[in-house]
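Chemist: using only what follows, build the 3D model:
(chains A and B)
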Amino acid sequence: MSLDSAGPDAAVTAPAAVLSGRVLVVDDTAFNRQLLIRLLTTIGHEPLEAPDGAAALTLLRDPATAPVDVILLDIVMPVMDGYETLAALKADALLRHIPVIVISGVDELDSVVRCIDMGAADYLPKTIDPAILRARISSSLGQKRLLETIDRQRAQLARFLSPQVAALVSSPDGEAMLAGHRREITAMFCDLRNFTSFSETAEPEEVLGFLRLYHATLGALVVAHEGTLEHFAGDGIMVFFNDPVLQTDHAARAVRLAVDIRERFKDLAAEWRRLGHVLEVGIGIATGYATMGRIGFEGRYDYGGVGNAIILASRLSGEAVAGEILIAQRTRAAIDVETIAVEAGERKLKGFSRPMQTWSVPAADGAPGATTAATAGDAP
Amino acid sequence: MSGPIDEATFDRLVEMTGGELDFVDELVDTYLEEADGQVTALRAALERDDQEALIRAAHSLKSGSLNVGALELGEACRGLEEGLRQGRIADAQELVTDIAAGFAEARTALLGERERRAPL
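Modeler: Next up, the predicted model:
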């Protein structure tokens, strides 16, 4: 009945929130400070003041000072002038993002240019017009708020997405990339042998504790090798290389990541072995073309890919015995000839009509598949 | 209006403060106090032959004076400041004397304006 009464209308007609902020006035003349502070208060800002640059920096760096949103800076001042102050502000990682509006006389336009070159956001004529003051501060505040929002969103995204995907989402060509593109990638799939029986016999808290440690260990390695994490699903993990960030050595990177995972997993597994659980990784790697981009539906998208290489990596991971890294023919061909891989026979894999030639990367201490350290150069 | 205080500029100052004359009086007091200090500083700098200090004092006095409508005084300060920046120091003595006199007139005018307004 009253569907169209208060709700939607209120949202449409609500006035845009007036930005108000903390504004620091840096000017050596008490007259100007007094006038500006009165005007700022009238507009609804919270003013602070300093008689010169040095005093301003001391105030800004004092942990007791609440964060300042905009600085109004006079140029000609004793002790520390506007240029020195601006240079010091821009050299300070904690202060450089605060917009600086330079206050300048009409005969000082050269100074304004110099200040803007040094990083000032804007300028204000010395004969102050309240309307211009209001507009310039509001514009600087708006820009600062926008940058802060972007930074915050980027940080939030980075907690949920792999760093490459978080950067992609907030980049200018992100939308085109997300829409889908075809590219040669190397996919690495890793999961655990005996995980099902482990999760059936261990306490749920133990399983979760183990998974946390496992994810943390693998996550750090994926980041170190600059892989794009597609997902963690229980004990399974899928990583891409060469997308969205291009990597000419994507196949070699995937193999190096796999070797590191197998190495680091030994320490994790040793602890659990003492408790009677025998856990081992099985890793599959394949190289080939895939269509990469946004996969899912409005409200819940993932960054992922579709292609034979991805399916193949997953099948190879399933084929791998405990501690084995199985790689596909194309990956073998792409990696550096010095990387040792031994033939691991032709495999009949689900979903692939003909048998696939596979290779195994032996561990330094002779883990599964490492019968002979042969084979540079015999790839077709 | 050919007096030392430009009426239009002064009215704009009043308007800027939202017509709060008490606050305008405060501002004028601040100006007079600072300007007095700057005139003293100009004389002292001249005596010490301290060019830097002369420029600084002239600059500050200029912007304050222009704000309250003491345009002629402001222009005189600008002349001194620019002259000094270009290395013209010969007429500095004369200009400082003019500025001191200009400031005395401006002060009289500003305080006189307040007197006229006071009984209302």
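
Chemist: next up, phi/psi of the closest residue to residue B:51 other than its chain neighbours, please.
Modeler: Distances taken as C-beta to C-beta, 6 or more residues apart in numbering or on different chains place residue B:84 nearest to residue B:51, at 6.0 Å, with adjacent residues excluded. Any C-beta I mention is one placed from the backbone N, CA and C, and that applies to glycine too. Residue B:84 adopts backbone torsions of phi -70, psi -40, taken as degrees, to the nearest 10.

Chemist: what residues are up against residue B:84?
Modeler: Residues near residue B:84 by C-beta atoms under 8 Å, 6 or more residues apart in numbering or on different chains: B:51, B:54, B:55, B:58, B:92.

Chemist: any low-confidence regions in the chain?
Modeler: Using chain A here. Applying pLDDT under 70 to chain A picks out residues A:1-18, A:106-107, A:159-160, A:336-338, A:365-380.

Chemist: hmm, no, I was thinking of chain B.
Modeler: Low-confidence segments of chain B (pLDDT under 70): B:1-2, B:118-120.

Chemist: give me the contacts around the helix or strand residue A:83 falls within.
Modeler: Secondary-structure assignment from DSSP states H and E places residue A:83 in helix A:82-90. Defining contact as C-beta under 8 Å, 6+ apart, one finds that helix A:82-90 is touched by A:26, A:53-54, A:56-57, A:60, A:71, A:73-77, A:80, A:95-96, A:98, A:100, A:102, A:111, A:114-115, A:118-120.

Chemist: show the buried residues in these.
Modeler: The neighbour count (16 or more other C-beta atoms under 10 Å in any protein chain shown) marks A:26, A:53-54, A:56-57, A:60, A:71, A:73-77, A:80, A:95, A:98, A:100, A:102, A:111, A:114-115, A:120 as buried among the contacts of helix A:82-90.

Chemist: give me the residue from the stretch 201-350 of chain A nearest chain B.
Modeler: Closest residue of the stretch 201-350 of chain A to chain B, C-beta to the nearest C-beta: residue A:299 (50.2 Å).

Chemist: burial count for that residue?
Modeler: Residue A:299 has 5 neighbours, counted by other C-beta atoms under 10 Å in any protein chain shown.

Chemist: for it, phi and psi?
Modeler: In terms of degrees, to the nearest 10, the main-chain angles of residue A:299 are phi 100, psi -20.

Chemist: near chain B, which residues of the stretch 101-250 of chain A? Just list them.
Modeler: Proximity of the stretch 101-250 of chain A to chain B, by C-beta under 8 Å from any C-beta of the partner chain, involves residues A:105, A:107, A:126, A:127, A:128, A:129, A:130.

Chemist: mind picking the two most distant members of these?
Modeler: Greatest spacing in these, by C-beta to C-beta: A:107 and A:130 (22.0 Å).

Chemist: any chance of the contacts of residue B:84 in JSON lines, with secondary structure, distance to residue A:345 and neighbour count too?
Modeler: Shown next, in JSON lines, are the contacts of residue B:84 (DSSP: H, G, I helix; E, B strand; the rest coil; distance: C-beta to C-beta, whole Å; neighbours: other C-beta atoms under 10 Å in any protein chain shown):
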{"residue": "B:51", "secondary structure": "helix", "distance to residue A:345": "90", "neighbour count": "15"}
{"residue": "B:54", "secondary structure": "helix", "distance to residue A:345": "93", "neighbour count": "25"}
{"residue": "B:55", "secondary structure": "helix", "distance to residue A:345": "88", "neighbour count": "18"}
{"residue": "B:58", "secondary structure": "helix", "distance to residue A:345": "92", "neighbour count": "27"}
{"residue": "B:92", "secondary structure": "helix", "distance to residue A:345": "97", "neighbour count": "19"}
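
Chemist: chain A: which of those is nearest?
Modeler: Distances from chain A to the contacts of residue B:84, taken as C-beta to the nearest C-beta, are shortest for residue B:55 (8.3 Å).

Chemist: state the distance from that closest one to residue B:35.
Modeler: When distance is defined by C-beta to C-beta, to the nearest Å, residue B:55 is 16 Å away from residue B:35.

Chemist: now the spatially most central residue of chain B, nearest residue through space, not along the chain?
Modeler: Closest to where the C-alpha atoms of chain B average out (C-alpha atoms, centre = their mean) is residue B:65, at 3.4 Å. Once flanking residues are discounted, residue B:65 sits nearest to residue B:74: 3.9 Å by C-beta to C-beta, 6+ apart.

Chemist: correct me, but the one you found touches residue B:60?
Modeler: No: assessed by C-beta atoms under 8 Å, residue B:74 is found out of contact with residue B:60, at 11.1 Å.

Chemist: need the overlap of contacts for these two.
Modeler: Between them, residue B:74 and residue B:60 share no contacting residue, judged by C-beta under 8 Å, 6+ apart.

Chemist: helices of the chain, residue ranges please.
Modeler: Using chain A here. Assigned helices in chain A, in chain order: A:6-13, A:30-43, A:53-61, A:82-90, A:109-117, A:130-160, A:163-169, A:174-179, A:195-201, A:204-224, A:250-274, A:308-319, A:329-334 (criterion: DSSP state H).

Chemist: looking at chain B here, not the other one
Modeler: In chain B, the helices defined using DSSP H lie at B:7-16, B:21-48, B:51-68, B:71-85, B:92-117.

Chemist: interface residues of the stretch 251-380 of chain A facing chain B?
Modeler: So the stretch 251-380 of chain A never meets chain B (C-beta under 8 Å from any C-beta).

Chemist: leaving out the residues flanking it, which one is nearest to the most centrally placed residue in chain A?
Modeler: By C-alpha atoms, centre = their mean, chain A has its centre lying nearest to residue A:163, at 3.2 Å. Leaving out its chain neighbours, the residue that sits closest to residue A:163 by C-beta to C-beta, 6+ apart is residue A:223, at 6.7 Å.

Chemist: residues near that neighbour, how many?
Modeler: Residues near residue A:223, counting by other C-beta under 10 Å: 13.

Chemist: circling back to that earlier point, among the helices of chain B, which is the most enclosed?
Modeler: Of all the helices of chain B, helix B:51-68 has the most neighbours on average by mean count of other C-beta atoms under 10 Å in any protein chain shown, namely a mean of 23.

Chemist: rewinding a little: would you list the helices of chain B in JSON lines and tack on distance to residue A:335?
Modeler: Conversion of the helices of chain B to JSON lines gives the following (distance: least, C-beta to C-beta, whole Å):
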{"stretch": "helix B:7-16", "distance to residue A:335": "73"}
{"stretch": "helix B:21-48", "distance to residue A:335": "76"}
{"stretch": "helix B:51-68", "distance to residue A:335": "69"}
{"stretch": "helix B:71-85", "distance to residue A:335": "69"}
{"stretch": "helix B:92-117", "distance to residue A:335": "80"}
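
Chemist: closest to residue A:325 out of those?
Modeler: Closest approach to residue A:325 among the helices of chain B (C-beta to C-beta): helix B:51-68, 73.2 Å.

Chemist: spit out the contact partners of the nearest residue to residue A:350 once chain neighbours are set aside.
Modeler: Using C-beta to C-beta, 6+ apart and skipping residues adjacent in sequence, the residue nearest residue A:350 is residue A:315, 6.3 Å away. Shown in contact with residue A:315 (C-beta under 8 Å, 6+ apart): A:284, A:349, A:350, A:351, A:352.

Chemist: need the residues of chain B near chain A, please.
Modeler: B:16-18, B:23, B:26-27, B:30-31, B:33-34, B:56, B:59-60, B:62-64, B:66-68, B:78.
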